[in-house]
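J.: test case, fold it:
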Amino acid sequence: MGSPGARKRYQIEMAARARAAREQAKRARLKRGTAKRVMALWNAALAAGWRTIFYPTVGTALDTGCHFLHVVCPACHQLGELDLRTIDIHPNAPLGAVVRRMSCRRCCPHPPFARPLGATPRSWLDELKWRPELKQELREPEAVYEPNWGRSQAKRKSDKQ
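T.: Numbers count the residues shown, from 1 in each chain. Below you'll find the model as predicted:
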């Protein structure tokens, strides 16, 4: 008996490719599910006030869709966030490396490390952006240089009340 013909080899190879594609899709699905559980555990631990005993990787955060990393400065309580899609960092780097880079610039010369608040799919700042319907009327500035300006302002306030 000889070796299988070209058609049979083609069928065997296509079956092997299909089997490999199914296995790869299954591994990707399991990996994505595990990554979601890891990010959920990390965010829940941070929300409960636990100290971070581990940091997920940047790739894990990006795979789960948690693109925004939120931090707070423990000294001045300044909030900060970073879009992980915009930085050039290896996907296997832990989020702790990114957190260290986000240390507060206001608390110089020795800023404390930022404390992570979690990673989310949406930016917190999207909800706080300026909206046109909230635009206020522009008024002419009042003359601050006039004598007794402070008294006149206090009098106007007391007259309105």
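
J.: I'd assumed residue 96 was in contact with residue 56.
T.: No. Using CB atoms under 8 Å, residue 56 makes no contact with residue 96, being 9.4 Å away. For glycine as for every other residue, the C-beta is placed from the backbone atoms N, C-alpha and C.

J.: quick one, which of these two is more surrounded?
T.: residue 56 (21 against 15; other CB atoms under 10 Å).

J.: and the closest residue to residue 78 other than its chain neighbours, how many neighbours?
T.: Nearest in space to residue 78, with sequence neighbours left out and distances taken as CB to CB, 6 or more residues apart in numbering, is residue 104 at 5.6 Å. If you count neighbours by other CB under 10 Å, residue 104 ends up with 19.

J.: distance check, residue 104 against residue 37.
T.: Distance of residue 104 to residue 37, given as CB to CB, to the nearest Å: 31 Å.

J.: center of this protein, which residue is that?
T.: Nearest to the mean C-alpha position of the chain, by CA atoms, centre = their mean, lies residue 68 at 1.2 Å.

J.: give me the phi and psi angles of that one.
T.: In terms of degrees, to the nearest 10, the main-chain angles of residue 68 are phi -110, psi 120.

J.: ok, it - contacts?
T.: Shown in contact with residue 68 (CB atoms under 8 Å, 6 or more residues apart in numbering): 81, 82, 83, 84, 119, 120, 121, 122, 123, 124.

J.: equivalent analysis for residue 54, please.
T.: Counting by CB under 8 Å, 6+ apart, residue 54 makes contact with residue 42.

J.: helix/strand/coil for it?
T.: Put simply, residue 54 is coil when judged by DSSP: H, G, I helix; E, B strand; the rest coil.

J.: looking at it, residue 58 is touching residue 91, isn't it?
T.: Yes. Contact between residue 58 and residue 91 holds when scored by CB under 8 Å: they sit 5.4 Å apart.
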